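Undergrad: This is a predicted model, with the sequence first.
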Amino acid sequence: MQQQLQKMKQLPALTLAERTARLKSLARIIRQHQVEIINTVSSDFSHRCAQESQMAEVMVCLDEIKHTLKNIKQWTREKVWHANWKFFPSKCAISPQPKGVVGVMAPWNYPFNLVIEPLVAAIAAGNRVMIKPSEVTPKTATLTQKLLRQVFTEDEVFVVLGDAKVANEFSQLPLDHLLFTGSTQVGKIIMNNASQHLTPLTLELGGKSPVLIDDNYPLDKAANSIAKGKWFNAGQTCIAPDYILISKERKAELVEQLKQQLTTSYPDFAENDDYTAVVNAHHMQRLNKYTEGLAATQIVPLSESSEPARQKIPPTLILDPAADHPIMQEEIFGPYLPIMTIDTLQDGIDFINQGERPLTLYLFSHRPAVIRQVREQTTSGSLAINETLVHFAQEGLPFGGIGASGMGSYHGHQGFLAMSHMKSVYYQSRINLNNLVRAPYSQLKKKIL
Ligand code: NAD
């Protein structure tokens with residue numbers, strides 16, 4: 001790893017023509033191998049819904065490449081303007097420069113997408129890239145390595161396979177930038193490791209993304225959107241709705257609406273190809289612990305099954321868990337969805353503000369005053385109003401967390417900026433009036449003061 005990095009550091013940055021050619025060929029390879037990508041992710045998960053993979057692993061990456069190719073010339077252009085009048089007629093400029101060799105570390109929940117999207121930003125900015133995919137999805141990691149070799153030389157993009165020990169070494173390399181996507185807990189280790197070389201970091205982390213429902217928002221619409229966003233990938237999404245805050249009087253109706261949505265979407269979840277499995281036995285055990293210490297009446301499964309489920313947990317509501325129960329203290333990252341009741345909207349805002357800063361806050365409201373109140377009184381990586389998940393797929397929106405949910409952001413132009421050094425350049429004109437300002441200052445005083 002070390003040697004390969006040193007070698008890559010000696011090589012020149014990718015030219016604009018090389019970046020464009022590689023991104024086009026990356027899009028072609030993804031299109032050609034999409035069925036293989038979808039099937040491989042599915043075999044790593046024991047089952048991943050094909051349409052979910054099509055949308056989240058293939059389509060989103062292709063859209064990101066398309067958007068990047070459309071804008072790359074404009075992003076890479078040096079921006080020049082006249083300096084302050086006192087220095088006229090000299091010029092100032094900002095000249096984007098590749099940082100050098102960028103590291104990308106990815107998690108398992110969208111194991112292809114979360115390698116490719118940071119890679120696209122890094123290549124657009126002209127960097128060489130070292131990648132460490134997740135060991136939890138090893139088949140996808142190997143396939144990613146194989147596909148990237150068809151697009152890039154190993155000196156352009158180098159994929160390192162291995163476990164957490166390898167990941168730990170990887171994050172200690174003297175990289176020129178490191179984009180890490182993963183848990184808040186491991187994010188702290190990464191930040192500590194990266195500090196050895198003052199490696200600049202983008203940390204795309206997790207946490208609890210709350211859903212706040214305003215009193216007169218229609219619950220059929222809210223339930224429809226929450227169900228789509230929560231049980232996509234069986235809740236194993238960094239921005240999955242993690243818990244709901246709703247007024248006491250409306251809780252029973254919301255439960256009913258969610259039941260209706262779920263029985264329509266997944267009438268028999270265990271054998272239903274549309275419902276994704278929990279990634280592995282370790283995560284099954286982790287998730288099963290969340291029902292410990294709860295009364296049977298608090299646990300409401302929303303889908304029935306006549307068959308024993310193969311590594312699947314049905315969509316399940318958890319009603320009014322105590323605020324100090326682990327399910328309300330940790331990121332759930334699975335198909336359980338707690339519903340907490342509040343007396344007023346302000347109670348909901350206060351509850352959210354007592355916790356760590358969320359990656360996304362979901363608000364369901366049509367009232368502009370409420371939207372403004374929540375936008376101004378809460379702090380989160382993103383705020384999504386009246387819909388779940390799709391803000392991730394907007395190339396024009398920076399994606400990232402704040403506080404415990406992350407640091408920095410990427411996607412689209414923001415990704416290009418994160419992977420570039422925005423170099424300040426000053427162009428002195430032939431006529432240099434600055435020469436008037438020099439010692440002895442007594443002369444200057446006579447001339448201009
Ligand atoms: P993780 O933190 O366990 O692993 C992520 C990466 O860190 C992997 O490549 C792994 O090899 C490496 N790693 C694991 N242990 C390490 C150690 N001790 N030292 C150094 N590296 C180590 O995360 P995960 O379980 O793969 O993914 C789930 C988490 O990722 C969730 O918290 C989720 O919210 C978050 N996530 C965030 C985003 C985002 O964009 N913000 C997207 C997807 C997932």
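TA: Nice, I can see it.
Undergrad: Run a quick neighbour tally on Lys423.
TA: Per other C-beta atoms under 10 Å, the neighbour tally for Lys423 reads 11. Glycine gets a C-beta too; all of them are placed from N, C-alpha and C.
Undergrad: That one against Ser95, yeah?
TA: Yes: the pair formed by Lys423 and Ser95 meets the contact definition of C-beta atoms under 8 Å, at 4.7 Å.
Undergrad: okay, and the common contacts of those two?
TA: With contacts defined as C-beta atoms under 8 Å, 6 or more residues apart in numbering, no residue is shared by Lys423 and Ser95.
Undergrad: which stretches of the stretch 301-449 of the chain form strands?
TA: With DSSP state E, counting those that start in this stretch as the criterion, the stretch 301-449 of the chain has strands at 316-319, 336-342, 360-364, 382-385, 406-407, 420-427.
Undergrad: Quick check: which of those strands is nearest to Ser209?
TA: Closest to Ser209 of the strands of the stretch 301-449 of the chain is strand 360-364 (C-beta to C-beta; 4.4 Å).
Undergrad: A strand includes Pro210, no?
TA: Yes: under DSSP: H, G, I helix; E, B strand; the rest coil, Pro210 falls within a strand.
Undergrad: Give me the three-state assignment for whichever residue of the stretch 1-150 of the chain sits closest to the ligand.
TA: Nearest residue of the stretch 1-150 of the chain to the ligand, counting by C-beta to the nearest ligand atom: Pro107, 3.0 Å away. Counting by three-state DSSP, the backbone at Pro107 sits in coil.
Undergrad: State whether it and Leu179 are indeed in contact, as I suppose.
TA: No: between Pro107 and Leu179 there is no contact under C-beta under 8 Å: 11.9 Å.
Undergrad: More neighbours: which of the two?
TA: The residue with more neighbours, out of Pro107 and Leu179, is Leu179; 28 against 22, by other C-beta under 10 Å.
Undergrad: wouldn't the more buried one be in contact with Pro118 here?
TA: Yes: using C-beta under 8 Å, Leu179 is in contact with Pro118, at 4.5 Å.
Undergrad: Three-state assignment for Met59, please.
TA: Classified using three-state DSSP, Met59 is helix.
Undergrad: can you count the residues close to it?
TA: Residues near Met59, counting by other C-beta under 10 Å: 15.
Undergrad: Overlap in contacts, Leu179 and Pro118.
TA: Val102, Val104, Thr202, Tyr410.
Undergrad: Contacts only, for the last one.
TA: Think Tyr410. Applying C-beta under 8 Å, 6+ apart to Tyr410 gives the contacts Glu117, Pro118, Ala121, Leu179, Thr202, Glu204, Pro398, Phe399, Gly400, Ala418, Met419.
Undergrad: so which strand or helix has the third one?
TA: What it means is Ala121. Assigned by DSSP states H and E, Ala121 belongs to helix 113-124.
Undergrad: Skip the chain neighbours and tell me the closest residue to Thr291.
TA: Sequence neighbours aside, Ile299 is the residue nearest to Thr291 in space, at 5.7 Å (criterion: C-beta to C-beta, 6 or more residues apart in numbering).
Undergrad: What is the neighbour count of that neighbour?
TA: 15.
Undergrad: Bridged to it, which residues?
TA: Per DSSP bridges, the residues bridged to Ile299 are Ile318.
Undergrad: how about the residues of this protein near the ligand?
TA: 105-109, 114, 132, 134-136, 164, 167-168, 171, 181-183, 186, 189, 204-206, 238, 331, 333, 359, 401, 406 (C-beta under 6 Å from any ligand atom).
Undergrad: so of those, which ones are in helices?
TA: Here DSSP state H is the test, and the residues of the chain next to the ligand give Leu114, Ala164, Ala167, Asn168, Val186, Ile189 as lying in helices.
Undergrad: quick one on the thing from earlier: what is the neighbour count of the residue lying closest to the residue of the stretch 1-150 of the chain closest to the ligand once chain neighbours are set aside?
TA: Nearest residue to Pro107, sequence neighbours excluded (C-beta to C-beta, 6+ apart): Gly182, at 4.6 Å. Neighbours of Gly182 under the rule other C-beta under 10 Å: 22.
Undergrad: same deal with Pro174?
TA: Pro174 sits with 16 neighbouring residues when counted by other C-beta under 10 Å.
Undergrad: same deal with Gln298?
TA: 17.
Undergrad: how close does it sit to Phe416?
TA: According to C-beta to C-beta, to the nearest Å, Gln298 and Phe416 sit 47 Å apart.
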